[in-house]
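> make a model of this:
(chains A, B, C and D)
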Protein chains: 2
Amino acid sequence: MEQTVETARSEFIEKLGLIMQTEGLPRTAGRIMGLLVWEGTPVAFCDLATELQISRGSVSTATRLLEDKFMIKRVTKAGERQDYFQLAPKSYETMVSDLSRQFRRKSDDLRSTLDDVPECAADIRARVNGYADMLSSLSEKIGELAREMD
Amino acid sequence: MEQTVETARSEFIEKLGLIMQTEGLPRTAGRIMGLLVWEGTPVAFCDLATELQISRGSVSTATRLLEDKFMIKRVTKAGERQDYFQLAPKSYETMVSDLSRQFRRKSDDLRSTLDDVPECAADIRARVNGYADMLSSLSEKIGELAREMD
DNA sequence: TGTTTCGTTCAGTACGAAGTAAACATTCCA
DNA sequence: TGGAATGTTTACTTCGTACTGAACGAAACA
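Okay, here's the model as predicted:
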């Protein structure tokens, strides 16, 4: 019975690794997130390496990446030399508003290519804006969700 | 003056290539989309190859991929042996509802790992569901947008 | 029927990203 | 001060994916 929970745990971790890979993050970072979500409590640096069977170097780069994105938080324990990690507060909210920002940036980036396109090429402008509009609508909707989350 | 429009065109195409790459599609497919968005009218198979400076093989696989996703449409012209391509009707709407579906699938996939987790592990269940909820909320919001688009 | 024009498929290649291992820097403790 | 523990950095390796180029098959034309 305990066996199946263990299986579920590693399944969840692996799945989250794959999912976050599709979001453009390294799989390792996703697996770390998975472990931290499952555990809930702070997990030691070395435990991440041993449990996920990855090198300390990978743990270092991945945790730093996740820290920079405010998805996890590095904490310390009194009398403990090791670093511990746990989910950052509002981590999901952060992820969602980050996604919103990504779409916004893409939209703006595309629209900026129209700077040198004269007014007369209205049809081209309309089509490019159409794509950019889709992206900004996505950004808007997702931003809305982010605001609803706290 | 024409020069700058040409520059804007290739900039747009390259940018869309990069953007669609972040969405998990091959860059080539994104550049094809970019060309088709810019032009608006059907573009010949061979013109895709020469204008984007890619092999016919790449054109073949990328167009097939985009066709399968209902993002572009293959059309023919009377008396013309070449295939032509243009944006599919409702292509943006399709892309958005596809995105919604992706998040839905991820959410369901994650939640399914809880099947073997007993009720007593309520804290674990809550955390996993928290992540899945974020994904399904995204799916929901984006699906909403898709419905608003037609 | 032979030839040309197309699009597809597939083997090979190139490239980039991610992970490893080891060297390194720093901190803590004896 | 010496040494162990801890995290970071970097050179190298691995792996997957995307692209090329050529062979192939099918269809149109002559």
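> C-alpha only now, for contacts and for neighbours.
Fine.
> what does chain A put close to DNA strand D?
Residues of chain A found near DNA strand D, taking Cα under 7 Å from any atom of the strand as the criterion, are A:44-46, A:56-61, A:63-64, A:80-84.
> now do 6 Å
Within reach of DNA strand D by Cα under 6 Å from any atom of the strand, chain A has these residues: A:45-46, A:56-57, A:60-61, A:81-83.
> same list, these, but as a markdown table with pLDDT please.
Listed next are the residues of chain A next to DNA strand D as a markdown table, based on pLDDT from 0 to 100:
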| residue | pLDDT |
| --- | --- |
| A:45 | 98 |
| A:46 | 97 |
| A:56 | 97 |
| A:57 | 97 |
| A:60 | 98 |
| A:61 | 98 |
| A:81 | 92 |
| A:82 | 96 |
| A:83 | 97 |
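> strands - which of these land there?
residue A:83 (DSSP state E).
> now, which of the residues of chain A next to DNA strand D sits nearest residue A:69?
residue A:61 (12.5 Å; Cα to Cα).
> give me the distance between that closest one and residue A:45.
According to Cα to Cα, to the nearest Å, residue A:61 stands 12 Å off from residue A:45.
> more neighbours: the two, which one.
The neighbour comparison of residue A:61 against residue A:45 (other Cα atoms under 10 Å in any protein chain shown) goes to residue A:45, with 17 against 13.
> how much space is there between residue A:88 and DNA strand D?
16 Å (Cα to the nearest atom of the strand, to the nearest Å).
> burial of that residue, as a residue count?
17.
> now it, nearest residue through space, not along the chain?
residue A:72 (4.3 Å; Cα to Cα, 6 or more residues apart in numbering or on different chains).
> for the one you found, give me the backbone phi and psi.
Listed backbone geometry of residue A:72 is phi -130, psi 170, with angles given as degrees, to the nearest 10.
> ditto for the one 4 residues further on
For residue A:76, the backbone dihedrals are phi -120, psi 160 (criterion: degrees, to the nearest 10).
> for it, what are its contacts?
Applying Cα atoms under 8 Å, 6 or more residues apart in numbering or on different chains, we find residue A:76 in contact with A:82-84.
> let me have these in JSON lines, adding neighbour count as columns.
Formatted as JSON lines, the contacts of residue A:76 follow (neighbours: other Cα atoms under 10 Å in any protein chain shown):
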{"residue": "A:82", "neighbour count": "14"}
{"residue": "A:83", "neighbour count": "14"}
{"residue": "A:84", "neighbour count": "19"}
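> DNA strand C contacts on chain A?
A:25-28, A:53-55, A:57-58, A:79.
> swap in 10 Å and give it another go.
Within reach of DNA strand C by Cα under 10 Å from any atom of the strand, chain A has these residues: A:17-18, A:20-32, A:49-50, A:52-62, A:78-82.
> list the helices and strands the lengthiest helix in chain A packs on?
Longest helix in chain A by number of residues (criterion: DSSP state H): helix A:122-148. Under the contact criterion of 3 or more Cα pairs under 8 Å, 6 or more residues apart in numbering or on different chains; DSSP states H and E, helix A:122-148 touches helix A:91-112, helix B:27-39, helix B:122-148.
> sketch out the low-pLDDT regions of chain A for me.
Under the criterion pLDDT under 70, the flagged ranges of chain A are A:1-2.
> how does it divide into domains?
For chain A, automatic domain parsing gives the domain ranges A:2-88, A:92-148.
> gap between the first one and the chain center?
Read it as domain A:2-88. Centre-to-centre, domain A:2-88 and its host chain are 13 Å apart (Cα atoms, centre = their mean, to the nearest Å).
> and the residue of chain A most remote from its centre, helix, strand or coil?
Going by Cα atoms, centre = their mean, the residue of chain A most distant from its centre is residue A:120, 41.6 Å out. Using DSSP: H, G, I helix; E, B strand; the rest coil, the three-state assignment for residue A:120 comes out as coil.
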